[in-house]
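Asker: with the sequence up front, the predicted model follows.
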Protein chains: 2
Amino acid sequence: MADPTTSPPLTRASVQAARELIAPYVHHTPTLTNRTLTQIASTPRTSEELKRYRGDAGEWEHIENPASPKLRLWFKCENLQRVGAFKARGAFHALGRLLEEPGFERGRGVVTHSSGNHAQALSLAARTHDVPAYIVMPEISTPSKIAATKGYGSKVIFSGSTSVEREAVTAKIIEETGARLVPPYDHPDIVLGQGTLGLELQEDAARMMAQEEPDQEGGRCSFAAPVTKGGGAVGGKENKSQKKQKAGLDAILAPCGGGGMLSGVALSCEGTGIRVFGCEPSFQGADDAKRGYESGVRVEAVSSLTVADGLRTPLGRVPWHVIYERKLVGGFYSVGEREICDALRLVLERFKMVVEPSAAVPLAVALYNEDFRGMVEREAGPEGWDVGIVFSGGMDAVKPKTKLGNGDVLWTNMI
Amino acid sequence: MADPTTSPPLTRASVQAARELIAPYVHHTPTLTNRTLTQIASTPRTSEELKRYRGDAGEWEHIENPASPKLRLWFKCENLQRVGAFKARGAFHALGRLLEEPGFERGRGVVTHSSGNHAQALSLAARTHDVPAYIVMPEISTPSKIAATKGYGSKVIFSGSTSVEREAVTAKIIEETGARLVPPYDHPDIVLGQGTLGLELQEDAARMMAQEEPDQEGGRCSFAAPVTKGGGAVGGKENKSQKKQKAGLDAILAPCGGGGMLSGVALSCEGTGIRVFGCEPSFQGADDAKRGYESGVRVEAVSSLTVADGLRTPLGRVPWHVIYERKLVGGFYSVGEREICDALRLVLERFKMVVEPSAAVPLAVALYNEDFRGMVEREAGPEGWDVGIVFSGGMDAVKPKTKLGNGDVLWTNMI
């Protein structure tokens, strides 16, 4: 890994520079809207719905006046990113920066320990730049993930599943090969790379809003010229009926695991007035960033089996600096397992998008978290908020059955 | 239904007029690309892969030299259309035309018989225009489809499941209420409405191709200005490495059931030089349009339980006129159940899009039909073809198990 002390400063301008660096290698993914989800988000929940979640977080069942915010949702589809997740951005940026470093010896390669999307992302970036990659994975990793990582040409080395075991194996590889470590989130280059999605989301949403024509009661509005509409046009009309008098997002909700992406998105919004919030599962203490943020002390370990398996990671040091110390994130909201699964099902069935459970967490906050919804109602008033929602990644495989942490089974509910 | 004799002529200009009429009510859906699928399509199949399908269509296993076409795929995502399918276009157009008819009495309403997407599309259009809608559905329809149709405010009337029974109930409703029939595909207004997706696909693909920068060996290309990129940007780079020297599609592959959409797309391409092909399942004779086209006699009845349940319908008279008599469709290709399921799985797992089995049929043709692939190799040569693929609709629910016609189970393969 590039020495963090040589990394660019953690600023919006550095995120813009990162975007230039990775542009040839990653997708500018679409920003889309969905009428049904925007409508559900702008409808107060019934007392029956509030009770539905009592087995889970149990916080809402005694609320007598559910919040009534106006929310227009703009979805950043990183499930359509290369390797199916935003992780491609950070990996290409980190490797791109390494390649610019005078002392980097390409033939020695790069190494990381990961069983998830970061492993595939780094493998793809390494293959693209003809750099050897070593991926340390727990022996218990699913065969499909091992196969996918090997499929990108990386060398997979197995380890035990504790962090001590993984790090020992990684250290040994570094010693033997001279490979450079590219960690999944706790490094400025990773943070800046992931933040590039925030720039695209801001620009695309603002452009789509600007293209919306004023609503004519019962009237007809024509297509904007296709040259300026593109795929984004799905959003062009979705959110039109509640159009306010300024173009641009008011807030972005992003999932938070290690915090690399959340902190990058926060940097991408610095100085824009767009507020950024982190979203986490509450199950078994996976809301470590929320607890840390509210207590002022970073939580350094998490042991949760939440269905949002990409968010089981504790917040890293570099992200903590951006999120908490510089207060570039406005706060955190968490949701229970059932809320995540309900949001996931809506995305699959109504939005026709395949996303992983972790990616459904911000939508679950927008739809089901009464604290968030009440805050928007108070702060935004009748004009409402335009909220960017980060779909962080897709699912590797659509499984018939996923056993949830709380004992529910996800997919059989969907027959 | 508007009297077909008063319908606009079946021309590209009429499709353009239809687009104006429905613009306020339907989405301009995104056109996207996918590197993995384009790459698979441009890779000759191995003899092992060719053998895999012998239990199904069995046509390819003895081929010694698999075709080696260059295909760049452009996907029109009508799964992201309102009601989750292109059917919204035809329904809004047919109803819009009715509303312009001097003799139409809004209060008498509209009626159709359908258990599928057309029922929901007409229900949505009718609710939007405050027109009563009567939907005749077989008693054996799935509860979710009945609920969805009622959810749009339509009156659902049950019938037996044969066409004679459905038509009798429909006739009775027309007699009692004076409602006007809006058939699912066999009417010029429906054909013209569905054809609007073809215009968007042509324009968006051409625009995205024009924005691609020439490939620089090992070089870097910057993002195009976001204002002209939009969601389509996912495609901007996908297909770049094999860029040819003209911007625009060479062909479109569309699924064919009753043929309303295929014939509309064919009209949208008239005079453009873009060739249009129909795609069908071969299972139990569901390739009726292909057989009719090749024999010169329209096949009027189909009885197939293909997994592509939207394509079990025989070709209608109006579509037949456009497709066969005017030869605006260049030919048909069919695929077996296993090919459809393999394509569907690729879309879910690699493209992260939820589509219904019918929607995967054109992709299955592009990836697996050696006749089509050989034709492209011969006609396009090393330059290859840019091919539009119509994702006609999404799935209502992601089911853990779908029993296929040939005895396979779809979803359990996906664990």
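Answerer: That came through fine. Residues are numbered from 1 along each chain as shown, chains lettered A, B, ... in the order given.

Asker: quick one: buried residues of stretch A:83-90?
Answerer: The neighbour-count check on stretch A:83-90 (16 or more other CB atoms under 10 Å in any protein chain shown) flags A:83-90 as buried. Any C-beta I mention is one placed from the backbone N, CA and C, and that applies to glycine too.

Asker: pick out the least confidently modelled helix or strand of chain A, by mean pLDDT.
Answerer: Least confident helix or strand, chain A: helix A:226-229 with a mean of 30, by mean pLDDT, DSSP states H and E.

Asker: by proximity to chain B, which residue of the stretch 1-150 of chain A wins?
Answerer: The stretch 1-150 of chain A approaches chain B most closely through A:Pro30 (2.7 Å), counting by CB to the nearest CB.

Asker: now for the residue lying closest to A:Tyr368 once chain neighbours are set aside, how many residues are close by?
Answerer: Excluding the flanking residues, the one nearest A:Tyr368 by CB to CB, 6 or more residues apart in numbering or on different chains is A:Glu339, at 4.4 Å. A:Glu339 has 25 neighbouring residues, counting by other CB atoms under 10 Å in any protein chain shown.

Asker: can you confirm A:Ala366 is in a helix?
Answerer: Yes - in this structure, A:Ala366 lies within a helix as judged by DSSP: H, G, I helix; E, B strand; the rest coil.

Asker: who's in contact with it?
Answerer: Going by CB atoms under 8 Å, 6 or more residues apart in numbering or on different chains, A:Ala366 touches A:41, A:71, A:73, A:253, A:372-373, A:387, A:389.

Asker: using TSV, lay out those together with pLDDT and distance to chain B.
Answerer: Below are the contacts of A:Ala366 laid out as TSV (pLDDT from 0 to 100; distance: CB to the nearest CB, whole Å):
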residue	pLDDT	distance to chain B
A:Ala41	97	18
A:Leu71	98	20
A:Leu73	98	14
A:Leu253	98	20
A:Phe372	97	26
A:Arg373	97	24
A:Val387	98	18
A:Ile389	98	15
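
Asker: so which two of those are the farthest from each other?
Answerer: Greatest spatial distance among the contacts of A:Ala366 (CB to CB): A:Arg373 and A:Ile389, at 13.9 Å.

Asker: okay, and the residue nearest to A:Val390 when sequence neighbours are not counted sits in which element?
Answerer: Leaving out its chain neighbours, the residue that sits closest to A:Val390 by CB to CB, 6+ apart is A:Ala254, at 4.3 Å. Assigned by DSSP states H and E, A:Ala254 falls within strand A:251-255.

Asker: in terms of secondary structure, what does that strand contact?
Answerer: Applying 3 or more CB pairs under 8 Å, 6 or more residues apart in numbering or on different chains; DSSP states H and E, one finds that strand A:251-255 contacts helix A:260-268, strand A:275-281, helix A:361-368, strand A:385-391.

Asker: so for the longest one, mean pLDDT?
Answerer: Predicted confidence along helix A:260-268 averages 98 (mean pLDDT).

Asker: identify each buried residue in it, please.
Answerer: Residues of helix A:260-268 classed as buried under the neighbour-count rule (16+ other CB under 10 Å) are A:260-268.

Asker: low-confidence regions, the stretch 1-150 of chain A specifically.
Answerer: A:1-2, A:53-58 (pLDDT under 70).

Asker: residues of it that sit close to chain B?
Answerer: Residues of the stretch 1-150 of chain A lying close to chain B by CB under 8 Å from any CB of the partner chain are A:19-20, A:23-24, A:27-32, A:35, A:77, A:79-80, A:82, A:84.

Asker: show me which of those residues are buried.
Answerer: Neighbour counting by 16+ other CB under 10 Å classes A:19, A:23-24, A:27-32, A:35, A:77, A:79-80, A:82, A:84 among the residues of the stretch 1-150 of chain A next to chain B as buried.

Asker: so what's A:Arg89 closest to, chain neighbours aside?
Answerer: In space, and not counting its chain neighbours, A:Arg89 is closest to A:Gly193: 4.4 Å by CB to CB, 6+ apart.

Asker: for the nearest residue to A:Gly259 once chain neighbours are set aside, give me its contacts.
Answerer: Counting by CB to CB, 6+ apart, A:Gly259 lies nearest to A:Pro319, which is 3.0 Å off, once chain neighbours are set aside. Residues near A:Pro319 by CB under 8 Å, 6+ apart: A:185-186, A:191, A:258-260, A:262-263.

Asker: swap the cut-off to 10 Å and go again
Answerer: By CB atoms under 10 Å, 6 or more residues apart in numbering or on different chains, A:Pro319 lies in contact with A:185-187, A:190-191, A:194, A:256-264, A:266, A:278, A:289, A:298, A:329.

Asker: distance between the helix or strand containing it and the chain's centre?
Answerer: Secondary structure from DSSP H and E places A:Pro319 in helix A:317-320. Centroid displacement of helix A:317-320 relative to its chain, using CA atoms, centre = their mean, to the nearest Å, is 16 Å.

Asker: same question, stretch A:255-273
Answerer: 10 Å.

Asker: now do the end-to-end distance for it.
Answerer: Its first and final residues considered, stretch A:255-273 spans 20 Å by CA to CA, to the nearest Å.

Asker: try stretch A:98-116
Answerer: Using CA to CA, one end of stretch A:98-116 lies 22 Å from the other.

Asker: can you pull the buried residues of it?
Answerer: Neighbour counts over stretch A:98-116 (16+ other CB under 10 Å) mark A:98, A:109-116 as buried.

Asker: of all pairs in the residues you listed, which one is the farthest apart?
Answerer: Longest span within the buried residues of stretch A:98-116, CB to CB: A:Leu98 and A:Ser115, 22.5 Å.

Asker: quick one: the longest helix along chain A to strand A:251-255, angle?
Answerer: Criterion DSSP state H: the longest helix present in chain A is helix A:188-211. If you take axes from the mean of the first three to the mean of the last three CA atoms, to 10 degrees, helix A:188-211 sits at 140 degrees to strand A:251-255.

Asker: buried sites along helix A:188-211?
Answerer: Under 16+ other CB under 10 Å, the buried positions of helix A:188-211 are A:188-209, A:211.

Asker: now stretch A:312-323
Answerer: By neighbour count on 16+ other CB under 10 Å, the buried set for stretch A:312-323 is A:312-316, A:318-323.

Asker: got the end-to-end distance for stretch A:129-140?
Answerer: End-to-end distance of stretch A:129-140: 29 Å, with CA to CA as the criterion.

Asker: any weak-confidence spans in the stretch 251-400 of chain A?
Answerer: Filtered on pLDDT under 70, the stretch 251-400 of chain A yields the residue ranges A:396-400.

Asker: so what touches stretch A:374-384?
Answerer: Contact with stretch A:374-384 is made by A:41-42, A:44, A:63, A:65-72, A:239, A:242-246, A:250-251, A:275, A:277, A:330-331, A:333, A:366, A:369-370, A:385-387, as judged by CB under 10 Å, 6+ apart.

Asker: pull the distance from it to the chain's centre.
Answerer: Distance of stretch A:374-384 from its chain centroid, counting by CA atoms, centre = their mean, is 24 Å.

Asker: let's see it as CSV, backbone CA atoms only.
Answerer: Written as CSV, here are the backbone C-alpha positions of stretch A:374-384 (Å, rounded to 0.1, in the frame of the first residue of the first chain):
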residue,chain,number,x,y,z
GLY,A,374,-39.1,12.3,12.2
MET,A,375,-35.9,14.3,11.8
VAL,A,376,-36.6,14.8,8.1
GLU,A,377,-40.2,15.9,8.8
ARG,A,378,-38.9,18.5,11.3
GLU,A,379,-36.0,19.8,9.3
ALA,A,380,-37.4,19.7,5.8
GLY,A,381,-41.0,20.6,6.4
PRO,A,382,-43.6,20.3,3.7
GLU,A,383,-41.0,20.8,0.9
GLY,A,384,-39.4,17.5,1.9
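
Asker: buried stuff in that stretch?
Answerer: Using 16+ other CB under 10 Å as the test for burial, stretch A:374-384 gives A:374-377, A:380, A:384.

Asker: residues touching the residue nearest to A:Tyr368, list them.
Answerer: Shown in contact with A:Glu339 (CB under 10 Å, 6+ apart): A:52-53, A:56-57, A:60, A:281-282, A:360-361, A:363-365, A:367-369.
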